[in-house]
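Enquirer: no sequence on hand, only this structure:
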């Protein structure tokens, strides 16, 4: 069993430099995630001329391979894990491989049309394999690099601040990538964008890679503060499984909102600049709301916070769907609302999983995080296959363009309602507290 030395306490006072380095590294990683969520489908169908169903297969194949790799990497890190130095160097290796892979993928537009489909599959799989090495070690630090639940809450909130900043970068790039000059020069613009991503990934992953000395040991069970122990009393038999199920459902449903944003900008709004503004508004909502969510999460139970953020997400989707065609610029406040809700939802979900893994997956944190991230990627793979089929059978460039709006907002509302029911059940049965004031729901 690995022993823990009191050297790593990310998210706590006195470790601001290490925590900041973690946030920067998460920013670089989030650029890859946000780009894959928002731009890759559009790139394949509109720049590479890959049919909708083939696009769905390309992205789903990469996601499913990534899910398997996540579990494998998590299991491997469980065996090899010995120090924070080892963990952060693995994430730097993943950053370098991800940088090379994104350039490979964004070169697909120059591949001969006869081999473009298999080339895209190969590049997509390579990117997802590399990303697993980038993602899992950073995610594991949420449990293994923190010392208590408050630290995990702050670190999880910081992750979403930098994730929102990455979303802003994608939003600023979208008008340049999607608009201006129809399809002329799009291939070169996407490749140049990939080169910038690669540089940022390496520049932000390196400070984290050198943050910890070679003898910085990590442990397998960071403790919860005694004051929070009663309020955050987990039932090991269901916490991990429940959170994994919620992650799967939210990934499968909420991703429709982001993946269809470029199509909405190009074929419904007919304005790449407004489309970019919507993405930017969501990113701003994610960033600006984090202090509020973090403050509330320190005083309320995880299920209560998750219910609150899911309800907010559902309401934001309903509002967005109602105003985007009636008064397009009114969609921006609802995009801010959606970004705030989605950011809070993700922050709470990751913090809750960090708590659960610290208590229910002792000695197997890597495997637990591997399964957790794999569940999101399986959900995303199912969503992208459905999206590919939708784009193949619907004339979204012509008379059926308004169907894009229903496909963008409908799945998050339905998935959110299902997750709301699951979270209420979780709050009633998985948590136990003798103190009525601290009762979760």
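Expert: Yep, it's here. Keep in mind that this is a model prediction, so the values were computed, not measured.
Enquirer: buried residues, the helix or strand containing residue 411. List them.
Expert: With secondary structure defined by DSSP states H and E, residue 411 is part of helix 403-429. With burial defined by 16 or more other C-beta atoms under 10 Å, the residues of helix 403-429 counted as buried are 404-405, 407-409, 411-413, 415-416, 418-420, 422-424, 426-427. To be clear about C-beta, it is placed using only N, CA and C from the backbone, and glycine gets the same treatment.
Enquirer: quick one, helices of the stretch 101-250 of the chain?
Expert: Listed in chain order, the helices of the stretch 101-250 of the chain (DSSP state H, counting those that start in this stretch) span residues 116-144, 149-178, 186-209, 226-229, 239-259.
Enquirer: export those helices to TSV and tack on mean pLDDT?
Expert: Compiled in TSV, those are given as follows (pLDDT from 0 to 100):
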stretch	mean pLDDT
helix 116-144	87
helix 149-178	84
helix 186-209	93
helix 226-229	42
helix 239-259	88
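Enquirer: thinking again about what came up before, quick one: mean pLDDT for the helix holding residue 411?
Expert: The pLDDT scores in helix 403-429 average 86.
Enquirer: then stretch 358-375?
Expert: Regarding stretch 358-375, the rounded mean pLDDT is 76.
Enquirer: ditto for stretch 327-339
Expert: Per-residue pLDDT values across stretch 327-339 average out to 88.
Enquirer: give me the contact list for that stretch.
Expert: Around stretch 327-339, the neighbours that count as contacts under C-beta atoms under 8 Å, 6 or more residues apart in numbering are 164, 167, 257, 269, 271, 274, 277-279, 281-286, 289, 312-313, 315-317, 319-320, 323-324.
Enquirer: I'd assumed residue 404 was in contact with residue 325.
Expert: No. Taking contact to mean C-beta atoms under 8 Å, the distance of 10.9 Å between residue 325 and residue 404 leaves them out of contact.
Enquirer: what do those two both touch?
Expert: Common neighbours of residue 325 and residue 404, using C-beta under 8 Å, 6+ apart, are residue 268.
Enquirer: in stretch 42-62, what's buried?
Expert: With burial defined by 16+ other C-beta under 10 Å, the residues of stretch 42-62 counted as buried are 42-48, 50, 52-62.
Enquirer: go on, stretch 204-215?
Expert: Residues of stretch 204-215 classed as buried: 204-209, 211-212 (neighbour count, 16+ other C-beta under 10 Å).
Enquirer: can I get the residues you listed in CSV with distance to residue 34?
Expert: Converted to CSV, these look like this (distance: C-beta to C-beta, whole Å):
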residue, distance to residue 34
204, 14
205, 16
206, 21
207, 21
208, 19
209, 22
211, 24
212, 27
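Enquirer: any idea how far the nearest residue to residue 134 once chain neighbours are set aside is from residue 178?
Expert: Setting aside the residues directly before and after it, residue 134 is nearest to residue 94 in space (C-beta to C-beta, 6 or more residues apart in numbering), at 3.1 Å. In this structure, residue 94 and residue 178 are separated by 28 Å, where distance is defined by C-beta to C-beta, to the nearest Å.
Enquirer: also residue 72?
Expert: Residue 72 sits at a distance of 36 Å from residue 178 (criterion: C-beta to C-beta).
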